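**Student:** Sequence and predicted structure, then a few things I'm wondering about:
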Amino acid sequence: MESGGIEAQLTAVWSLVYYTRHLMIAVDAAMIGPGRLPELDEAGARLADNFAALQSLLQGGHAGEVHVDLDLPVVDFGVDGPLAKALKYLDRIHQTVLVLIVNMSADETLPGPRKQEDLVG
């Protein structure tokens, strides 16, 4: 599959849908509200910037500010705990958005994964 091809883009979009669904389930289970973990709020703001960059690219503009790292907090609540799952899915959404940004941008200096296979499992 070509890294910038339509199949790769559709796979990334379906990944976003899947990860977002599971993020919402994990957030509900962890009862994470605004302000409970300031680091999560900050990571959410950086992810929102990346979504704005992706939207700009989709509209024919430039990416603008792209955050390569969300600086997610290190949480030791168990690998299968709801907060750990929420962080995992938040990171996967971020990585998928980066793949889309990098593949759609003409700016070769943007760091980040170049294709879905480069994502951290």
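**Tutor:** Alright, I've got the coordinates. Numbers count the residues shown, from 1 in each chain.

**Student:** Which other helices and strands does the longest helix that the chain contains contact?
**Tutor:** Once the chain is assigned using DSSP state H, the helix that runs over the most residues is helix 6-30. Counting contacts by 3 or more C-beta pairs under 8 Å, 6 or more residues apart in numbering; DSSP states H and E, helix 6-30 packs against helix 82-104. C-beta coordinates here come from the backbone N, C-alpha and C atoms, glycine included.

**Student:** okay, and for the chain, where does confidence drop off?
**Tutor:** Residue ranges of the chain with pLDDT under 70: 1-4, 32-37, 75-79, 106-121.

**Student:** Just want the angle from the longest helix of the chain to helix 82-104.
**Tutor:** Put simply, helix 6-30 runs at 160 degrees to helix 82-104, going by axes from the mean of the first three to the mean of the last three C-alpha atoms, to 10 degrees.

**Student:** in helix 6-30, what's buried?
**Tutor:** 8-9, 11-12, 15-16, 19, 22-23, 26-27, 30 (16 or more other C-beta atoms under 10 Å).

**Student:** for stretch 91-110, same thing?
**Tutor:** By 16+ other C-beta under 10 Å, the buried positions in stretch 91-110 come out as 91-105, 110.

**Student:** Surely L100 and S15 touch.
**Tutor:** No: with contact defined as C-beta atoms under 8 Å, L100 does not reach S15; the gap is 9.7 Å.

**Student:** which ones are touching the spatially most central residue of the chain?
**Tutor:** Centroid-nearest residue in the chain, with C-alpha atoms, centre = their mean: H94, separated by 1.3 Å. For H94, the contact set (C-beta atoms under 8 Å, 6 or more residues apart in numbering) comprises 43, 46-47, 50, 70.

**Student:** Greatest separation within these: which pair is it?
**Tutor:** Across these, no pair lies farther apart than A43 and N50, at 10.6 Å, counting by C-beta to C-beta.
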